[in-house]
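Chemist: Task: produce atomic coordinates for the following.
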Amino acid sequence: MSFIVNNRVFVNAGFEAEFEARFQRRAGEIDKQPGFIAMRVLRPLGNQAPYVVETEWESQAAFRAWVGSDDFKRAHANPLPPEATAEGGGLEQFEVVISS
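Modeler: Residues are numbered from 1 along each chain as shown. This is a model prediction of the structure:
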């Protein structure tokens, strides 16, 4: 079974387009990583909900290898300014038990 990582990010009003553009500019880069299956950037439909960046990997080891990679460093260089995001959110990691 696969391994899922969700990163919940509360993006403040006015910074949504830049947040999404950062993923659009790097589209396809993570696809080159060993063990990578899929990525989804989910835009919230309610003003209290965070964005969810969901990645799917063949294993937790594949995810951890990416976190230690140069691609990860490039992906997280030049972060949004502190005022772009609010407190809360964070990483959640899951093993897929059932999938259909």
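
Chemist: So F15 versus A21, what's the distance?
Modeler: The gap separating F15 from A21 is 10 Å, by C-beta to C-beta, to the nearest Å. Bear in mind the C-beta positions are built from the backbone N, C-alpha and C, glycine included.

Chemist: neighbour-wise, which of those two wins?
Modeler: Legend: neighbour count by other C-beta atoms under 10 Å for F15 and A21, higher for F15 (14 against 10).

Chemist: I'd say the more buried one and P82 touch.
Modeler: No - applying C-beta atoms under 8 Å, one finds F15 not in contact with P82, separated by 10.8 Å.

Chemist: So what's the gap between the helix-or-strand element of the chain with minimal mean pLDDT and the chain middle?
Modeler: Every helix and strand of the chain was ranked by mean pLDDT, DSSP states H and E. The lowest is helix 70-75, at a mean of 92. Taking the mean of its C-alpha atoms, helix 70-75 sits 13 Å from the chain's own mean (C-alpha atoms, centre = their mean, to the nearest Å).

Chemist: list the buried ones in that helix?
Modeler: Using 16 or more other C-beta atoms under 10 Å as the test for burial, helix 70-75 gives D71.

Chemist: Skipping its backbone neighbours, what lies nearest the residue nearest to the spatial centre of the chain in space?
Modeler: For the chain, V53 is the residue whose C-alpha lies nearest the centre (C-alpha atoms, centre = their mean; 3.4 Å). Nearest residue to V53, sequence neighbours excluded (C-beta to C-beta, 6 or more residues apart in numbering): N7, at 4.4 Å.
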